[in-house]
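Visitor: All I have is the shape, not the residue letters:
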């Protein structure tokens, strides 16, 4: 059965549909030896030869959904031109190639999802679905009540309003404050940028939950497969 190329590539776990479209426009995708740039183009995953950069693509038969406890000091990518450690180094022994769902920046840690299901990945990370993510955040200095109220009302970052869905202070130490924060967006380094704007740089950032799927007691640098119930809960959260 013929389907849009970007859907085939996404379902094969190669990339999200958006990324697949960019690859097509860049002339990186061939069907039966012919470069295909038209986004409406269709192919049959079972009978057509589909290649990206010359590499033959086969439809994945088994979908894999993982939770990784990302340590700081790893980049959320499969390959880094600067030679830094990547999250791919931590998921050895997985039969299929999996890709990160969204990102955690180099210095951040905690729950990171990986999968070879492109449709699932796109839905969970796409901003319009607003899947909530919960973080424990340590910032430098003591936050005044007025600063917390200011952040709760929302602050402008690059002309767009940022406002946490939920926020509460957990504890104060000498020279630092821990908070629990839930957001429903994924702009790059948005939490770090928000607290920097308040004059309280982030010292530590740990993602605890995506939707209702929690990191729990999973050790740092370890991974596990999601349960079918966890996968379904993320699908429901992304609707």
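Guide: Now that the structure is in, tell me what you want to look at. Everything numeric in this text was worked out from a predicted model, so none of it was measured. Numbering: from 1, shown residues only.
Visitor: At the geometric centre of this protein, which residue sits there?
Guide: Centroid check for the chain by C-alpha atoms, centre = their mean gives residue 102 as the closest residue, at 1.4 Å.
Visitor: Excluding chain neighbours, what is closest to that one?
Guide: Spatial nearest neighbour of residue 102, excluding adjacent residues (C-beta to C-beta, 6 or more residues apart in numbering): residue 125 at 4.1 Å. Any C-beta I mention is one placed from the backbone N, CA and C, and that applies to glycine too.
Visitor: Packing partners of the helix or strand of the chain with the lowest mean pLDDT?
Guide: Least confident helix or strand of the chain, by mean pLDDT, DSSP states H and E, is helix 5-11 with a mean of 83. Contacting helix 5-11 under the criterion 3 or more C-beta pairs under 8 Å, 6 or more residues apart in numbering; DSSP states H and E are the following elements: helix 17-25, strand 29-31, strand 42-44, strand 50-52, helix 118-125.
Visitor: so can I have JSON lines of these showing distance to residue 85?
Guide: Output for these, formatted as JSON lines (distance: least, C-beta to C-beta, whole Å):
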{"stretch": "helix 17-25", "distance to residue 85": "23"}
{"stretch": "strand 29-31", "distance to residue 85": "30"}
{"stretch": "strand 42-44", "distance to residue 85": "36"}
{"stretch": "strand 50-52", "distance to residue 85": "25"}
{"stretch": "helix 118-125", "distance to residue 85": "22"}
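Visitor: Figure out which of these is closest to residue 235.
Guide: helix 118-125 (7.0 Å; C-beta to C-beta).
Visitor: Which is the succeeding secondary structure element to that closest one?
Guide: Moving toward the C-terminus from helix 118-125, the next helix or strand (DSSP states H and E) is strand 133-140.
Visitor: Now do that following strand, average pLDDT.
Guide: The predicted model assigns strand 133-140 a mean pLDDT of 98.
Visitor: Then stretch 46-65?
Guide: 81.
Visitor: what's in contact with it?
Guide: 1, 5, 8-9, 11-14, 23, 28-33, 43, 45, 94-96, 98, 113-117, 120, 225-226, 230-231 (C-beta atoms under 8 Å, 6 or more residues apart in numbering).
Visitor: Could you give the number of residues near the closest residue to residue 160 other than its chain neighbours?
Guide: Nearest residue to residue 160, sequence neighbours excluded (C-beta to C-beta, 6+ apart): residue 187, at 7.5 Å. Residue 187 has 14 neighbours, counted by other C-beta atoms under 10 Å.
Visitor: With residue 235 instead?
Guide: So residue 235, with other C-beta under 10 Å, has 14 neighbours.
Visitor: That one - that's part of a helix, no?
Guide: Yes - when DSSP: H, G, I helix; E, B strand; the rest coil is applied, residue 235 is found to be in a helix.
Visitor: which stretches of the chain aren't confidently modelled?
Guide: Flagging of the chain using pLDDT under 70 yields the residue ranges 13, 59-61.
Visitor: how is it carved up into domains?
Guide: 2-56, 65-128+212-237, 132-210 (automatic domain parsing).
Visitor: First-to-last residue distance for the shortest one?
Guide: Between the opening and closing residues of domain 2-56 lies a distance of 18 Å (C-alpha to C-alpha, to the nearest Å).
Visitor: and what of the second one?
Guide: For domain 65-128+212-237, the first and last residues are 16 Å from each other (C-alpha to C-alpha).
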